[in-house]
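[1] Kindly return the folded structure for what I paste below:
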Amino acid sequence: ISLLTCAAGEDIYSLFGHSAIRIYDPVNNIDNCYNWGMFEFDEDQVEFATKFTKGRLKYYMDEQYFTEFMWEYDYFQRTVKEQVLNLTHSQKQDLWYALQENYLPENRVYKYDFFFDNCATRIRDILQNVMGENLVLKAHPNENEYSLRELLNNTVAHMPWLGLGMDLALGSKVDVKADNNKMMFLPKYMYEIYSESAVTIDGKKQLLVLKEHTLIKGINHTAETSLWTSPGFIFWSLFLISVILTIAKVRFLTKLWDGLLLLILGMLGITIFYLWFGTDHVTMRPNFNVLWANPLYVFFIIPLMSKTLHSRLNMAYLAMSIVLILVIFGAMIIPQEFNSATTPIILIFTLKFFYWYKETKRVV
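    Below you'll find the model as predicted:
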């Protein structure tokens with residue numbers, strides 16, 4: 001019985017790797033993999049997208065021939081490592097029975113959760129249930145050092161736009177420190193923890209992993225990123241443009257630019273609210289990004305174009321600027337980490353709302 005750990009690929013669904021259990025029994029002509037990462041594509045693409053977005057897409061465990069499981073990783077040149085586990089005969093039998101029970105039609109479907117119930121955590125849990133106190137996990141060097149969000153961002157550091165998107169969508173629940181158990185939501189950490197862990201057999205501690213093999217030596221699927229196309233560089237450029245337009249006081253162009261920014265950030269705020277209240281994703285709520293990506297921004301667009309309406313929103317502009325100032329200085333106490341690339345965007349709207357307050361105060 002082995003743990004298979006598959007390296008990351010290039011597609012979004014494969015960026016975090018994969019895990020499966022292999023049962024190899026040549027006497028009974030068995031060489032199967034048990035894979036909890038399967039889901040069905042709906043013929044109705046709109047229905048499929050809706051289920052996926054709302055967190056209602058059902059995943060299931062599948063039993064596959066080992067050669068069938070390996071084909072995809074061989075084709076895409078993704079590294080696959082095998083750790084043969086040190087289990088007693090009775091533990092192997094218990095695990096086999098547990099897998100067969102999990103494979104029953106009434107048990108094999110589950111509600112996927114990226115952090116708390118995925119292809120890796122299912123394996124973690126089933127091994128812990130079978131081995132009980134005999135499984136002695138080695139503390140990972142990074143245990144309780146990083147939050148779930150930080151572990152995720154470390155994995156996609158080569159894709160900063162994806163990291164930004166995830167940080168915008170994910171709420172404060174992923175800002176808890178990850179202990180050994182929580183770290184194993186990512187296959188690579190489960191592999192590292194099991195490599196150093198032990199098992200108690202007949203009262204003696206032995207290595208959990210009897211031997212390791214690299215079944216496929218793949219290629220590195222990460223690509224170098226460019227500073228010039230990074231979110232930080234782009235957003236600081238937007239900040240500079242906003243400051244220049246405000247100082248230059250080119251009225252029409254400035255209002256057009258400001259209206260566009262309000263529309264984009266307002267729509268982002270609406271999207272965050274939808275993910276918070278309109279989906280089943282527990283890790284997307286509460287999401288304090290709405291403090292700066294505020295859905296109310298869209299209601300300031302029309303008044304901004306009208307001098308009369310603009311002047312009537314004097315106190316509203318002041319209130320919005322105060323909220324953003326509190327976000328800036330209260331970042332240490334807000335129970336959620338904001339992506340560093342959002343800093344110039346927050347500053348843009350802090351300065352803009354305060355500028356509009358001062359401008360309308362003079363008009364009044």
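[2] Could you pick out the longest strand of this protein?
    Taking DSSP state E as the criterion, the chain has its longest strand at strand 30-39.
[3] Pull the distance from that strand to the chain's centre.
    Put simply, strand 30-39 sits 23 Å off its chain's centre (CA atoms, centre = their mean, to the nearest Å).
[4] which of the residues in it are buried?
    By neighbour count on 16 or more other CB atoms under 10 Å, the buried set for strand 30-39 is 32-37, 39. All C-beta spots, glycine's among them, are computed from the backbone N, C-alpha and C.
[5] which residues of the stretch 51-200 of the chain score low on pLDDT?
    Within the stretch 51-200 of the chain, the stretches with pLDDT under 70 are 51-53.
[6] give me that answer again for 80
    For the stretch 51-200 of the chain, the stretches flagged by pLDDT under 80 are 51-57.
[7] all helices for it, in order.
    Ranges of helices in the stretch 51-200 of the chain, per DSSP state H, counting those that start in this stretch, are 66-75, 89-102, 119-131, 148-155, 160-169, 180-183, 187-196.
[8] quick one: which of those is nearest Pro231?
    Closest to Pro231 of these is helix 160-169 (CB to CB; 4.8 Å).
[9] which residues sit against that closest one?
    With CB atoms under 8 Å, 6 or more residues apart in numbering as the test, helix 160-169 has contacts from 12, 15, 149, 152-153, 156-157, 225, 230-232, 268, 272, 275, 284, 287, 289, 293, 337-339, 341-342.
[10] Show me which of the buried residues of strand 30-39 is closest to Thr214.
    The closest of the buried residues of strand 30-39 to Thr214 turns out to be Cys33 (CB to CB; 16.7 Å).
[11] List the residues that contact the closest one.
    Counted by CB under 8 Å, 6+ apart, Cys33 has contacts 4, 20-23, 63-66, 68-69.
[12] could you flag which of these are buried?
    4, 20-23, 64, 66, 69.
[13] Give me the distance between Tyr13 and Tyr60.
    Distance, Tyr13 to Tyr60, using CB to CB, to the nearest Å: 15 Å.
[14] These two: which is more packed in?
    Tyr60 (18 against 9; other CB atoms under 10 Å).
[15] Am I right that the more buried one is in contact with Met38?
    Yes: Tyr60 is in contact with Met38 according to CB atoms under 8 Å; the separation is 5.2 Å.
[16] about what we covered before: could you list the paired strands of the longest strand of the chain along with their orientation?
    Using DSSP bridges, the strands paired with strand 30-39 are strand 18-25 (antiparallel), strand 58-65 (antiparallel).
[17] pLDDT on it, on average?
    Throughout strand 30-39, pLDDT has a mean value of 92.
[18] who are the neighbours in contact with Leu265?
    For Leu265, the contact set (CB under 8 Å, 6+ apart) comprises 293-294, 297, 345, 349.
[19] out of these, which are inside strands?
    Per DSSP E, the contacts of Leu265 never map to strands.
[20] Reformat these into TSV and put pLDDT, neighbour count and distance to Gln128 next to each item.
    TSV is the format used below for those (pLDDT from 0 to 100; neighbours: other CB atoms under 10 Å; distance: CB to CB, whole Å):
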residue	pLDDT	neighbour count	distance to Gln128
Ala293	95	25	39
Asn294	94	23	43
Tyr297	95	22	47
Ile345	96	23	43
Phe349	96	23	47
